[in-house]
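Colleague: following is a predicted model, sequence given first.
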Amino acid sequence: MSAVACLGPAGSYSELAARRLCPDKEVMLCSNFPAVFAAVTGGTADAGVIPIENSIQGGVLQNLDLLETQDVYAVDQTVIRIDHRLAMLEGAKLSDIRRVYSHEQAIGQCSEFLSSHLPQAECIFTDSTAKSLSLLDGHSAGIVGAHAAKTGVVLSEENIANEKNNFTQFFLIRRRAEGLPEHGDTVFFVGVCEHRPGSLLAMLRGFSDRGINLTRIESRPIRNVLGEYRFFIEIDGDVTQPRVREAMESARSHCRMFRVLGVYDAPHPSARG
């Protein structure tokens, strides 16, 4: 059976997304995001699943950087509702908790609960939310997904996130050698403009002039170059349409670096679950 790589351990949101995107594949759980990319590019897995953006905290920066530099394309996506629960061992009390373990984004998304109910606790980042389940003791708690379960662990009855309407977008990635899908109503790319007035406007004008909507734009610093940026841009357009291809070529002509990162269909609102 072919495999799909994702961030583990078992019970992570990434595993949930991987099983949704690839229900017929064996799931390969990896210890970190670079290992997911390495499994795909090295051929250990024929696909990978990574979180790319959260509706509250924005882009998953490490994965944006890896997507740009590694030999992969994003070819599909899904959106998972994030439902954070506080996990404690049976019998543990909030007043006894001195440490809270979870992924950095999860801790940030639950900051109000932590400040109000666990002001005495130190927050310690882990590679994934599910990892915190293995670190619990009488003085430690974790933040995990509502779908996570472990014998002897009790989850809070309510979602403890600051914002209950919270979603994360996940990409399905494959090796670049396999090519892009023939069709897809969304294109994701990264570009670096010349460092002069109007260069970003010039890059984007080709989309505006052709009535193509930008659904996302995010800047990231260029490594070792203070004050210059890469722009990660998602557009609402099918790559088979001439106007979309023309707009992409126009954007490319105004960039000193331009790289298509993925082509995929945007998820239907009903797919959010």
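Modeller: The structure has been received and is ready for your questions. Since the model is a prediction, treat every value here as computed from it, not as a measurement. Residues are numbered from 1 along each chain as shown.
Colleague: rest of the way, CA atoms for contacts and neighbours
Modeller: Fine.
Colleague: correct me, but residue 40 touches residue 46?
Modeller: Yes: if you go by CA atoms under 8 Å, residue 40 and residue 46 touch, sitting 5.7 Å apart.
Colleague: which neighbours do the two share?
Modeller: When contacts are counted by CA atoms under 8 Å, 6 or more residues apart in numbering, residue 40 and residue 46 are jointly contacted by 174-175.
Colleague: which one's more surrounded, these two?
Modeller: Comparing residue 40 with residue 46 by neighbour count (other CA atoms under 10 Å), the higher total belongs to residue 40, at 24 against 17.
Colleague: so the more buried one, which state does it fall into?
Modeller: At residue 40 the chain is in helix, as set by DSSP: H, G, I helix; E, B strand; the rest coil.
Colleague: show me the contacts for it.
Modeller: If you count contacts by CA under 8 Å, 6+ apart, then residue 40 has 5, 46-48, 72, 173-175 around it.
Colleague: can you say which helix or strand has residue 15 in it?
Modeller: helix 13-21 (DSSP states H and E).
Colleague: and residue 224, by the same measure?
Modeller: Under the assignment given by DSSP H and E, residue 224 is not contained in any helix or strand.
Colleague: let me know how buried it is, in neighbour terms.
Modeller: Summarising burial for residue 224: neighbours were counted as other CA under 10 Å, giving 7.
Colleague: state the pLDDT value of it.
Modeller: According to the per-residue confidence, residue 224 scores 77 in pLDDT.
Colleague: what do you get for residue 183?
Modeller: Residue 183 is assigned a predicted lDDT (pLDDT) of 86.
Colleague: quick check, nearest of the contacts of residue 40 to residue 261?
Modeller: residue 72 (7.6 Å; CA to CA).
Colleague: helices of the stretch 101-250 of the chain, start to end?
Modeller: Taking DSSP state H, counting those that start in this stretch as the test, the helices found in the stretch 101-250 of the chain are 104-109, 111-117, 199-209, 242-253.
Colleague: packing partners for the least confident helix or strand in the chain by mean pLDDT?
Modeller: Of the helices and strands making up the chain, the lowest-confidence element is strand 58-59, at a mean of 88, by mean pLDDT, DSSP states H and E. Strand 58-59 sits against no helix or strand, with contacts defined as 3 or more CA pairs under 8 Å, 6 or more residues apart in numbering; DSSP states H and E.
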